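Chemist: How does the following fold in three dimensions:
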Amino acid sequence: MSDLIITIARQNGSGGREVGKILADLLKVKCYDQEILAEAAEESGISLQEIEQKEERTSRTNMFFYGIPAPNPVFVAQSKAIETLASKGPCVFVGRCADYVLRERGDVIKVFIKAPIEARVKRSSERNGISEKEAFARVKDKDSERALYYQRYTGIVWGTVDNYDLTIDTGTIGVENAAKLIVEYARMSGYEI
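Modeler: Okay, here's the model as predicted:
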């Protein structure tokens, strides 16, 4: 088989970012998360600050132009950056619709990381130093933003199980075991690891 690329979509507070980093370490490959933004800025000429401000934040108005999704130079830049980084060899992508952007490639394993709301709120509260009430609102807002962003640019409902090869609940097995499970899944799928 060709190079292994793994994309990780995740609910806010599920530990998906940590799973991606652990997974990349296990596979001895690069993990692209915020690095996608820097690559997008470099390739597009759009400032990194502008990309960071507009990333995953989609207005509920002005989403369509004559019935089709309105073009967004930030999404286009991120997509090109993902394609460029994927062309460099095996890697892990966290978020940014990478599963959709790389959908035509045959060497991609698409993973969705989830967890129960209680676990996500606790993780968000601890990670951001906020109350559980604030964390609950943050988790819900971030998931809503991701869902809207994903649907706007892919036309697909975010988090739908049919869009992924593997869905893992970190509330049950934790982030380290989730990364190990993905490695085992890749082995069972025929990749030499």
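
Chemist: can we go C-alpha only for contacts and neighbour counts from here?
Modeler: Noted.

Chemist: tally of neighbours for Gly129?
Modeler: The number of residues packed near Gly129 is 11, by other C-alpha atoms under 10 Å.

Chemist: Kindly apply the preceding question to Ile168 instead.
Modeler: Other residues within reach of Ile168, judged by other C-alpha under 10 Å, total 22.

Chemist: pretty sure it belongs to a strand, no?
Modeler: Yes: the assignment for Ile168 (DSSP: H, G, I helix; E, B strand; the rest coil) places it in a strand.

Chemist: In this structure, which helix is the longest?
Modeler: Of all the segments assigned as helix in the chain under DSSP state H, the longest by residue count is helix 132-154.

Chemist: so how far is that helix from its chain's centroid?
Modeler: Relative to the mean C-alpha coordinate of its chain, helix 132-154 is positioned 13 Å out (C-alpha atoms, centre = their mean, to the nearest Å).

Chemist: Pull out the buried positions in that helix.
Modeler: When neighbours are counted by 16 or more other C-alpha atoms under 10 Å, the buried residues of helix 132-154 are found to be 132, 135-136, 138-140, 142-150, 152-153.

Chemist: helix, strand or coil for Phe93?
Modeler: Secondary structure state of Phe93, per three-state DSSP, is strand.
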